[in-house]
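A.B. asks: what follows is a protein structure lacking sequence information:
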């Protein structure tokens, strides 16, 4: 009986480990802005769980905190203003996700802007917006029918 209870307790203690999800983040440098000091990055959630509150570090010092929530597969674009030279840019989250990339910032002004690889999806292209728009249209039709019914005398 004791052995069965021990095994059952061990099972329930180890169960969360089998269902645990790992947070993963990707930091990708994709070019420069108007000046070489404007360094563009894409930050994307790669894991199976959302990430929150992304901290950006440059050369080991905190540079910026992004208070946001990124669902799996979603990302954002951000621009950092860095001085010329070699820099190590890191991103970290409270969930334990982290990534880093070394970037070289030139002091020469003739740097070609490279557009990002992926487009940022606007809210109007999401399924939530389409559902909301559909519900709004159905509601408008129902209201129109209720308002026009006395005029049409459909009985």
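C.D. replies: Now that the structure is in, tell me what you want to look at. Since this is a predicted model, take the numbers as computed values, not measurements.

A.B. asks: so residue 9 is in which element?
C.D. replies: Residue 9 belongs to helix 2-19 when assigned by DSSP states H and E.

A.B. asks: shaky segments in this protein?
C.D. replies: For the chain, the stretches flagged by pLDDT under 70 are 5-6, 10-21, 109-125, 150-155.

A.B. asks: the strands in it, which residues?
C.D. replies: 25-32, 38-45, 51-58, 61-70, 75-81, 85-92, 98-105 (DSSP state E).

A.B. asks: ok, which of the ones you listed comes nearest residue 145?
C.D. replies: Closest to residue 145 of the strands of the chain, according to Cβ to Cβ: strand 61-70, at 39.9 Å. For every residue, glycine as well, the C-beta is placed using N, CA and C.

A.B. asks: can you give the domain ranges for the chain?
C.D. replies: For the chain, the structural domains run 21-120, 121-155, going by automatic domain parsing.

A.B. asks: got a list of what residue 61 touches?
C.D. replies: Residue 61 sits next to no residue when contact means Cβ atoms under 8 Å, 6 or more residues apart in numbering.

A.B. asks: and the one 3 residues further on, by the same measure?
C.D. replies: When the contact criterion is Cβ under 8 Å, 6+ apart, the partners of residue 64 are 55, 56, 78, 80.

A.B. asks: is it bridged to anything, and to what?
C.D. replies: Bridge pairing for residue 64 (DSSP bridges) gives the partners residue 56.

A.B. asks: state the distance from the residue at minimal distance from the centre of the chain to residue 98.
C.D. replies: Centroid check for the chain by Cα atoms, centre = their mean gives residue 70 as the closest residue, at 2.8 Å. Shown here: residue 70 relative to residue 98, a distance of 14 Å by Cβ to Cβ, to the nearest Å.

A.B. asks: same thing with residue 63?
C.D. replies: 14 Å.

A.B. asks: go on, residue 107?
C.D. replies: Counting by Cβ to Cβ - residue 107 and residue 98 are separated by 29 Å.

A.B. asks: and residue 137, by the same measure?
C.D. replies: Residue 137 is 45 Å from residue 98, where distance means Cβ to Cβ.

A.B. asks: who has more neighbours out of these two?
C.D. replies: residue 98 (16 against 10; other Cβ atoms under 10 Å).

A.B. asks: is it true that that one touches residue 90?
C.D. replies: Yes. Here residue 98 reaches residue 90: they are 6.6 Å apart, a contact under Cβ atoms under 8 Å.
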